[in-house]
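*Asks:* Okay, here's the prediction I keep looking at, along with the sequence it came from:
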Amino acid sequence: MIEAIYTEENGEYLQNNPTWHVEDSPWKAKQILKIINANHISPKSIAEVGCGAGEIVNQLYLSMPGDIHFTGYDISSDAINLAKNREKDRLIFKHENFLETTTQYDLLIMMDVFEHVNDYLGFLKLCKNRAKHTIFHIPLDLSVSAILRNKLIDGRKSVGHLHYFMKETALATLVDSGYDVIDFFYTTGSLDLPLKNFRSKLAVLPRKILYAINKDMAAKLVGGFSLLVLTK
């Protein structure tokens with residue numbers, strides 16, 4: 001991981017992303033709840049690795065039963081400083097490297113995390129036995145459109161993505177790291193979330209039409225989708 005952009009106080013990641021993507025957190029929490037409910041999982045302890053400003057796990061706290069304990073981990077002091085404002089009974093945040101801890105959980109959540117990690121396969125293997133289930137949200141950056149428009153390097157600069165996936169390689173990465181895939185589905189942030197520029201608005205209609213016709217083809221040709229995966 002190019003850790004300095006996260007770990008330096010008032011670091012580069014915060015400068016590029018001053019909200020730490022809090023505005024997307026309610027939508028991401030809904031995706032997590034969807035896969036939890038669909039698979040009838042009832043965790044009593046949940047940890048989010050790479051929790052950022054903590055709003056995703058806070059949304060889960062507000063939506064799930066009142067006997068669940070939540071913990072957020074992040075290596076960034078900037079992120080944890082934002083997250084600490086959300087602490088309450090049964091919800092805490094730790095400025096720690098999750099791999100240097102030993103606590104076991106019923107459910108781990110990693111939302112857009114391992115594409116930032118230098119040794120992502122080693123990281124995934126070390127996280128493997130820390131929970132009964134793990135949920136991953138994986139940006140599917142690899143698409144024909146992204147390659148032709150040179151968007152991969154833009155994401156590398158703006159949000160620190162070091163690795164790029166399509167659905168098949170994302171799932172293979174988890175299997176190769178020892179996880180059993182239970183369920184997965186595409187998430188459609190490019191269609192559901194507020195659009196940030198005029199070019200994105202122009203892409204909505206063709207992306208929506210192609211996704212309605214063939215989800216896999218839409219992800220590979222025009223991109224703008226991620227994969228939510230439940231594993232054990």
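*Replies:* Received the coordinates, thanks.

*Asks:* C-alpha from now on. contacts and neighbour counts both.
*Replies:* Will do.

*Asks:* how about the nearest residue to residue 143, chain neighbours excluded?
*Replies:* residue 220 (4.5 Å; CA to CA, 6 or more residues apart in numbering).

*Asks:* now residue 181
*Replies:* Residue 181 sits nearest to residue 231 (CA to CA, 6+ apart), 4.5 Å away.

*Asks:* Look up the residues forming beta bridges with the one you found.
*Replies:* Here residue 231 sits in beta bridges with residue 134, residue 181, going by DSSP bridges.

*Asks:* tally of neighbours for it?
*Replies:* 20 (other CA atoms under 10 Å).

*Asks:* Roughly how far does residue 105 sit from residue 23?
*Replies:* 27 Å (CA to CA, to the nearest Å).

*Asks:* neighbour-wise, which of these two wins?
*Replies:* Neighbours around residue 105 and residue 23, counted as other CA under 10 Å, are more numerous at residue 105. The numbers are 20 against 13.

*Asks:* Can you name the residues that contact that one?
*Replies:* If a contact means CA atoms under 8 Å, 6 or more residues apart in numbering, then residue 105 has 45, 46, 47, 130, 131, 132 as its contacts.

*Asks:* Read off the pLDDT value for it.
*Replies:* Per-residue pLDDT puts residue 105 at 98.

*Asks:* Find the nearest non-adjacent residue to it, please.
*Replies:* residue 131 (4.7 Å).

*Asks:* With residue 103 instead?
*Replies:* That would be residue 130: by CA to CA, 6+ apart, it lies 7.4 Å from residue 103.

*Asks:* tally of neighbours for that neighbour?
*Replies:* 19.

*Asks:* And for the one 4 residues further on?
*Replies:* Counted by other CA under 10 Å, the residues lying close to residue 134 total 25.

*Asks:* Helix or strand: which one has the residue nearest to residue 143?
*Replies:* Using DSSP states H and E, residue 220 sits within helix 215-221.

*Asks:* That helix packs against which elements?
*Replies:* With contacts defined as 3 or more CA pairs under 8 Å, 6 or more residues apart in numbering; DSSP states H and E, helix 215-221 has these neighbours: helix 144-148, helix 198-213.

*Asks:* what is the mean pLDDT for that helix?
*Replies:* On average, helix 215-221 scores 97.

*Asks:* and it, C-alpha only, in PDB?
*Replies:* Presented in PDB, the C-alpha positions along helix 215-221 are these (Å, rounded to 0.1, in the frame of the first residue of the first chain):
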ATOM      1  CA  LYS A 215     -25.400  -7.000 -16.800                       C
ATOM      2  CA  ASP A 216     -22.100  -8.800 -17.500                       C
ATOM      3  CA  MET A 217     -21.700  -7.000 -20.900                       C
ATOM      4  CA  ALA A 218     -22.500  -3.700 -19.400                       C
ATOM      5  CA  ALA A 219     -19.900  -4.100 -16.700                       C
ATOM      6  CA  LYS A 220     -17.300  -5.100 -19.200                       C
ATOM      7  CA  LEU A 221     -18.100  -2.500 -21.900                       C
END
